[in-house]
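Asker: below: sequence and its predicted model.
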Amino acid sequence: MTDSRPIIRLKPKANARAIRHGAPWVYDNEAVTDRRTKKIPVGTIATLEDSERTPLATVAVNPNSRIIARVLDRNPKAAITRDWLHSKLAAALRHRETMFDAPFYRLVHAEADGLPGVIIDRFDDVVVIQPNAAWAETLLDDLAAVLAEVTGVKTIVKNAAGRARALEGLDDENTILLGTTPSAPIAVPMNGATYMADLVGGQKTGLFYDQRPNHAFAARLGKDARVLDVFSHVGGFALASLAGGATSALSVDGSAAALALATEGAARMGAEDRFSTRQGDAFDVLAALGEEGAQFDVVICDPPAFAPSKRVLEQGLRAYERIARLAAPLVAPGGYLGLCSCSHAANVDKFRNASNRGIGRAGRNAQLIHTGYAGADHPQHPQLAESGYLKALFYRLLP
């Protein structure tokens, strides 16, 4: 019964209106954190009340986290059962099946799909789940069972890596929840390219689906072009460009394993003769290519999050500026430069300003021709800026 659930109560000065309007998080400084509240077991389902004791929502509680409560349902009497999970997963699946012809996509994008902290990426009949919130870890068996029921997948991999789980006080132990461990990387078709995703030993869930529309845009720019893809992971922009008709593509990454997967992807596409790799620190490789006088028609830089929090925002913006400064001289006159950021703390204005400074410091004049974001399988929560983390700026560098 919901009446027996614990209560989390907002402080008098907390913004209850924000919760009523759809805000998904309650921070620990917004809630009454008395001795009773602190004893609530991690991952417990509770009722959120305003300071006047009016019920607001059904929430998941983690007294050990900066985010003490995550809104699961705006109905304060909602029962978080297998049927509730089924409705959320089925709704997420309907959207993806509307948008995509093949079962390769992000199936659940956390708060934006109504499952706070839960990331699920699908690779045909295999899914990788990141339960990055304590409630999802607590209900993981139910979540996996319903996920298999809704999608019909045969294998479910739990990926426990990442900063988010550490902030929730969760373990970092990967495991197989259903089926057997994938014995080989999975071939993923996207934008006419073939990507090899290592779902067990690869970075995050094995592939970054969020860049799909930006890969497609870059591929149009790269037809009959020489392409440089920096921080390429398993071939991201390089393989999409080859599929779009690039004459050559060079992938740069610090991971030999990622570059090996990129090379395998190029071979599966029959494009290995147009593809090459260079392993090393991206900043060092960019500087070396500049000293060599290398020139490309399209240069794309898609680094990791340099500004994962507001605390390191300025440091991160300087890194983005430096990337732009090093990359711009490598672009042939009239060519294109793509710069990406997956740092939610650096909004598009701050990222664009840093990129503009870097291009200017390199002595190049530019036109900003396109701003891209994550694909439709990465919806944004209207009340959560963090869900709109990805930005991609495409410039034409003038002769």
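Answerer: Sure thing, it's come through.
Asker: show me this protein divided up by domain.
Answerer: Taking automatic domain parsing as the domain assignment, the ranges for the chain are 2-73, 82-178, 186-397.
Asker: just to be sure, Leu170 is in a helix?
Answerer: No: counting by DSSP: H, G, I helix; E, B strand; the rest coil, Leu170 falls outside a helix, being coil.
Asker: residues near the closest residue to Ile68 other than its chain neighbours, how many?
Answerer: In this structure, Ile68 finds its nearest non-sequential neighbour in Asp28, 4.4 Å apart by Cβ to Cβ, 6 or more residues apart in numbering. Any C-beta I mention is one placed from the backbone N, CA and C, and that applies to glycine too. By other Cβ atoms under 10 Å, 16 other residues sit near Asp28.
Asker: please name the residues that touch Asp28.
Answerer: 63, 65-68 (Cβ atoms under 8 Å, 6 or more residues apart in numbering).
Asker: thinking again about what came up before, reformat the domains of the chain as a markdown table; add mean pLDDT.
Answerer: Formatted as a markdown table, the domains of the chain follow (pLDDT from 0 to 100):
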| stretch | mean pLDDT |
| --- | --- |
| domain 2-73 | 94 |
| domain 82-178 | 96 |
| domain 186-397 | 96 |
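Asker: if we can go back for a sec, buried only: go through the contacts of Asp28 for me.
Answerer: 63, 65, 67-68 (16 or more other Cβ atoms under 10 Å).
Asker: where does the closest residue to Leu199 other than its chain neighbours fall, helix, sheet strand or coil?
Answerer: Nearest residue to Leu199, sequence neighbours excluded (Cβ to Cβ, 6+ apart): Gly206, at 4.3 Å. Look at Gly206: counting by three-state DSSP, its state is coil.
Asker: let's have the chain start at 428 instead
Answerer: Fine by me, first position is 428 from now on; the one you just mentioned is Gly633.
Asker: any idea how far the residue nearest to Ile495 is from Asn491?
Answerer: Counting by Cβ to Cβ, to the nearest Å, the separation of Asp455 from Asn491 is 9 Å.
Asker: likewise for Ala698?
Answerer: 49 Å.
Asker: who has more neighbours, these two?
Answerer: Ala698 (21 against 13).
Asker: so where does the closest residue to that one other than its chain neighbours fall, helix or strand?
Answerer: Closest residue to Ala698 apart from its sequence neighbours, by Cβ to Cβ, 6+ apart: Leu669 at 4.4 Å. Per DSSP states H and E, Leu669 falls inside helix 663-670.
Asker: with Asn641 instead?
Answerer: With DSSP H and E as the criterion, the answer for Asn641 is helix 639-648.
Asker: report all helices and strands that the helix holding Leu669 contacts.
Answerer: In terms of contact count using 3 or more Cβ pairs under 8 Å, 6 or more residues apart in numbering; DSSP states H and E, helix 663-670 is assigned the packing partners strand 620-624, helix 639-648, strand 653-657, strand 675-680, helix 683-695, strand 702-706, strand 723-728.
Asker: of these, which stretch is the most buried?
Answerer: Counting by mean count of other Cβ atoms under 10 Å, strand 653-657 has the highest mean neighbour count of the helices and strands packed on helix 663-670, with a mean of 29.
Asker: how far does that strand sit from its chain's centre?
Answerer: Strand 653-657 sits 22 Å away from the centroid of its parent chain (Cα atoms, centre = their mean, to the nearest Å).
Asker: and what of stretch 649-667?
Answerer: On Cα atoms, centre = their mean, the centre of stretch 649-667 falls 19 Å from that of its chain.
Asker: what helices or strands is the helix or strand harbouring Ala484 leaning on?
Answerer: Using DSSP H and E, Ala484 maps to strand 482-488. Packed against strand 482-488 by the contact rule (3+ Cβ pairs under 8 Å, 6+ apart) you find helix 443-447, strand 471-476, strand 494-500, helix 561-565.
Asker: including distance to Ile750, could these go into a markdown table?
Answerer: Formatted as a markdown table, the helices and strands packed on strand 482-488 follow (distance: least, Cβ to Cβ, whole Å):
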| stretch | distance to Ile750 |
| --- | --- |
| helix 443-447 | 35 |
| strand 471-476 | 42 |
| strand 494-500 | 31 |
| helix 561-565 | 34 |
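Asker: what strands line up against the strand holding Ala484, and which way round?
Answerer: strand 471-476 (antiparallel), strand 494-500 (antiparallel) (DSSP bridges).
Asker: ok, and what's touching that strand?
Answerer: 429, 433, 435, 437, 443, 446-447, 453, 467, 469-477, 495-505, 507, 543, 560-562.
Asker: how about stretch 567-587?
Answerer: Residues contacting stretch 567-587 (Cβ under 8 Å, 6+ apart): 509, 512-513, 516-517, 520, 530, 534, 545, 547, 549, 552-558, 563, 597-609, 626-627, 631-632.
Asker: check contacts around Asp639.
Answerer: To be clear, residue 639 is Arg; Asp isn't right here. Each residue near Arg639 by Cβ under 8 Å, 6+ apart is listed here: 617-618, 802, 804.
Asker: if we go to 7 Å?
Answerer: Arg639 makes contacts with 617-618, 802, as judged by Cβ atoms under 7 Å, 6 or more residues apart in numbering.
Asker: out of those residues, who's nearest Leu825?
Answerer: Asn618 (27.8 Å; Cβ to Cβ).
Asker: Tyr605 and Leu740: what is the separation?
Answerer: For residue 605 the amino acid is Leu, not Tyr. 40 Å.
Asker: same question, Gly606
Answerer: On the measure of Cβ to Cβ, Gly606 and Leu740 end up 41 Å apart.
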